[in-house]
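*Asks:* the following comprises the amino acid sequence and a computationally predicted model.
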Amino acid sequence: MNRNTLGSNERLKSEKSITALFEAGKILSVFPIRLIYKPHPTSEKFPVKVGFAVPKKNFKHAVDRNLLKRRMREAYRLNKTILFGEDQNAFPGIDIMLIYQGNKPEEFVKISECIKELLKKLSIRIPAAKDHANRQ
């Protein structure tokens, strides 16, 4: 069943997880988006947790930040199967933060292409990430 959803149970909301992600996460970058990820062992129904951020430093108006976050959420929602295929439950636990790094708003197509490329890069690195999470 192909349901491209992004529910609240797939969102990265825990302050503890976010802090750990920024302290010990690994970074991938395709301008204008940076992806930070950290694998972890989990037995949750949705092992992939994702968060989105747009710095206030680059975009002073909340309406601009919200627009970019909406575009990133939609691009991730449509392309997340690149990362774990159709069976998300077989995937190891991983926390992901997508951060918009540019200083001018990009169109949805550009953001979507960047997120596709980042997810492809991450899917290549996941076997190493899976081994790392199992050792901890």
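*Replies:* Now that the structure is in, tell me what you want to look at.
*Asks:* center of the chain - which residue?
*Replies:* Centrality entry for the chain: nearest residue to the mean C-alpha point is residue 96, 3.9 Å, by C-alpha atoms, centre = their mean.
*Asks:* before we move on, what SS does residue 38 have?
*Replies:* Of the three states, residue 38 takes strand according to DSSP: H, G, I helix; E, B strand; the rest coil.
*Asks:* what's the nearest residue to it if we skip its chain neighbours?
*Replies:* Counting by C-beta to C-beta, 6 or more residues apart in numbering, residue 25 is the residue found nearest to residue 38 once chain neighbours are left out, at 4.2 Å. Any C-beta I mention is one placed from the backbone N, CA and C, and that applies to glycine too.
*Asks:* OK, contacts around the one you found?
*Replies:* The neighbours of residue 25, taking C-beta atoms under 8 Å, 6 or more residues apart in numbering as the test, are 36, 37, 38, 95, 97.
*Asks:* let's see it at 10 Å
*Replies:* Contact criterion C-beta atoms under 10 Å, 6 or more residues apart in numbering gives 18, 35, 36, 37, 38, 39, 94, 95, 96, 97 as the residues in contact with residue 25.
*Asks:* same question, residue 96
*Replies:* Under the criterion of C-beta under 10 Å, 6+ apart, the neighbours of residue 96 are 12, 21, 25, 28, 35-38, 48-52, 76, 80, 83, 118-119, 122.
*Asks:* please apply the same query to residue 31.
*Replies:* If you count contacts by C-beta under 10 Å, 6+ apart, residue 31 has them with 101, 102, 106, 110, 114.
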